[in-house]
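Peer 1: with the input below, show me the fold.
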Amino acid sequence: MDQSLALAGSPTAAAAGGAVRLSLLDPAALDPGFVAAWQRLADHCSEPNVFHAPDYLAPAIAHCDTLRRARIVALHDEGQLVGLMPMARETYYGRWPVPHSQNWRHPNCFLGTPLIRPGHERSFWQALLLQLDRQLSAGLFLHLYGIATDGPVFAALRQLCSDQRRSCDVVLAEERAMLATDQPGQAYYEQVVRKKKRKELARLRNRLAEIGQIETVQGPGEAGLDAWLAEFLALEQSGWKGRNGSALADLPGTRALFLEATHRAHASGKLHLIAMRLDGKPIAMLVNFLSPPGGFSFKTAFDEAFARYSPGVLLQIDNLDILRNHGLAWMDSCAAEGHPMIDSLWAERRHVGRVSVGLKGFGRPALFAAFRRGERFMDRRRAAQAPTLPPSAPLETDDD
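Peer 2: Here you go, the predicted structure:
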């Protein structure tokens, strides 16, 4: 399916002397030429997002979109692909039966920012909102899940909504750990982590070395990529994620996504693997995706039998030179806000949020305003009823 809307009156079209075209594409029917243009966009976009690049998003949709709801929104300017985002129509917002449009996501997508070529941020949002405004089937509003709120893509959306007198509400704001430094890893470690904690971690490393030979190894090693990935899946499934059914290997779809995405990234030189081994056996492993000038820390796992030694923390310390080693400016942890392990090692923060944008026409502005009043009321009610818990900061966790 290819639904197109020519936007000859848009500012971008006027400046370029041609039409801007927004298309809604079936991800199962994309031709090789489009995929190649998609990869070029991912490599030169305003804000890198590996989760919307073809090497990850294509297998994610193929293996995780069981209801086949995802569509690809693509913006072309003078034949050049300048914007892309996966989308789906939703009938429920949480437990509420409120039809709306949303950037398509799945549990292993940790950033929802669209891919947009620099300079086209405003025209992308303008084209998308214009099309949604014209379609009753688009629902009451556009909901953006997990979009970065500290970059030019969101800034363009907020300014456009202000200019159009359109509601643009951050309904949930979070910050997560980010690594962004030009210092050598050891210098950064000594600056960020207090001396007492460094001493304790050094003691744990020494105790671990008393058990056997400890080495931190970059890359898949001599056994090859398939063997490394199999070790990772087994290690993750052996822990708490396996016990509660959320390990990658627990579901055929997530296992297939992981294997295909990592193989694609490896083939393009954008996969980073690192493991800590005890007498050759992995006790902590880490999978990163590189998307210059940044990167994304995708999954980590550790052997819970050695949890008292915090091997996952020690592995992250050994990996603090990843930016310098790969010519990157930053690494997104993709971790939950307040993550007790990575927050203690990475000092910088990335701001992400859930954003609801009101649509026009069909009485939507008044209905959206009423909906948002109800949502804010429920937020206040939940906050008032939430129990106050004592602070807790376990040293070792691989929670995403």
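
Peer 1: which SS state does Q126 fall under?
Peer 2: helix (DSSP: H, G, I helix; E, B strand; the rest coil).

Peer 1: starting from the host helix or strand of R277, tell me which strands it pairs with and how they run.
Peer 2: In the assignment (DSSP states H and E), R277 maps to strand 271-278. In the sheet, strand 271-278 lines up against strand 214-218 (antiparallel), strand 281-291 (antiparallel) (DSSP bridges).

Peer 1: contacts for it?
Peer 2: 208, 211-220, 228, 231, 262, 265, 282-290, 295, 306, 311, 314-315, 318-319, 322, 326 (Cβ atoms under 8 Å, 6 or more residues apart in numbering). Using the backbone N, CA and C atoms, a C-beta is placed for each residue, glycine as well.

Peer 1: rerun that using 7 Å as the cut-off
Peer 2: Strand 271-278 is contacted by residues 211-212, 214-220, 228, 262, 265, 282-290, 311, 314-315, 319, 322, 326 when judged by Cβ atoms under 7 Å, 6 or more residues apart in numbering.

Peer 1: how about the closest residue to K281 other than its chain neighbours, what does it touch?
Peer 2: With sequence-adjacent residues excluded and distances taken as Cβ to Cβ, 6 or more residues apart in numbering, K281 is closest to D303, at 7.9 Å. Contacts of D303 were listed using Cβ under 7 Å, 6+ apart, and they are L235, I283, P311.

Peer 1: look up phi and psi at D303.
Peer 2: Backbone geometry at D303, expressed as degrees, to the nearest 10, gives phi -80, psi 110.

Peer 1: roughly how far does it sit from A234?
Peer 2: 10 Å (Cβ to Cβ, to the nearest Å).

Peer 1: now swap in D182 and tell me
Peer 2: D182 is 37 Å from A234, by Cβ to Cβ.

Peer 1: just G139 next, same as before
Peer 2: In terms of Cβ to Cβ, G139 sits 42 Å off from A234.

Peer 1: so for these two, which sits in the more crowded spot?
Peer 2: When neighbours are counted by other Cβ atoms under 10 Å, G139 and A234 differ, and G139 comes out ahead with 20 against 14.

Peer 1: the more buried one contacts H100, doesn't it?
Peer 2: Yes: if you go by Cβ atoms under 7 Å, G139 and H100 touch, sitting 3.8 Å apart.

Peer 1: could I get the buried residue list for stretch 19-37?
Peer 2: Using 16 or more other Cβ atoms under 10 Å as the test for burial, stretch 19-37 gives A19, V20, R21, L22, S23, L25, P27, L30, F34, A37.

Peer 1: leaving out sequence neighbours, find the closest residue to the fourth one.
Peer 2: The shortest distance from L22 to any residue other than its chain neighbours is 4.3 Å, reached at A127 (Cβ to Cβ, 6+ apart).

Peer 1: now for the one you found, how many residues are close by?
Peer 2: By other Cβ under 10 Å, neighbour count at A127 equals 26.

Peer 1: ok, it to V20 distance?
Peer 2: In terms of Cβ to Cβ, A127 sits 6 Å off from V20.

Peer 1: contacts for the strand or helix carrying A62?
Peer 2: Secondary structure from DSSP H and E places A62 in helix 54-64. Outside helix 54-64, the residues that touch it by Cβ under 7 Å, 6+ apart are 27, 35, 38-39, 42, 50-51, 70, 86, 106, 109, 253-254, 256-257, 260-261, 264-265, 268.

Peer 1: following the chain onward from it, which element is next?
Peer 2: Following helix 54-64 in sequence, per DSSP H and E, is strand 71-77.

Peer 1: quick one: residues in contact with the host helix or strand of N325.
Peer 2: Taking DSSP H and E as the definition, one finds N325 inside helix 322-326. Here helix 322-326 makes contact (Cβ under 7 Å, 6+ apart) with L179, T181, P184, H272, L290, L328, M331.

Peer 1: residues contacting the last one?
Peer 2: Shown here is M331, whose contacts under the criterion Cβ under 7 Å, 6+ apart are M178, L179, G294, G295, S297, I322, L323.

Peer 1: for F306, see how far away it is.
Peer 2: For M331 relative to F306 (Cβ to Cβ), the value is 25 Å.

Peer 1: likewise the third one?
Peer 2: In this view, P184 and F306 are 28 Å apart by Cβ to Cβ.

Peer 1: the two - which one has more neighbours?
Peer 2: F306 (20 against 13).

Peer 1: in a helix, the more buried one, correct?
Peer 2: Yes: assessed by three-state DSSP, F306 belongs to a helix.

Peer 1: and the gap between the residue lying closest to it once chain neighbours are set aside and L208?
Peer 2: Residue nearest to F306 in three dimensions, not counting chain neighbours: I283, with 4.9 Å by Cβ to Cβ, 6+ apart. Separation of I283 from L208 (Cβ to Cβ): 8 Å.

Peer 1: now the helices for the chain?
Peer 2: 11-16, 32-43, 54-64, 121-133, 152-163, 185-192, 195-211, 225-237, 240-244, 252-267, 311-318, 322-326, 364-385 (DSSP state H).

Peer 1: low-confidence ranges in the chain?
Peer 2: Along the chain, segments meeting pLDDT under 70 span 1-18, 388-400.

Peer 1: which of the contacts of strand 271-278 are buried?
Peer 2: 214, 216-217, 220, 228, 262, 265, 282-290, 311, 314-315, 319, 322, 326.

Peer 1: chain center to the helix holding A62, what's the gap?
Peer 2: Mean C-alpha position of helix 54-64 versus that of the full chain (Cα atoms, centre = their mean, to the nearest Å) differs by 13 Å.
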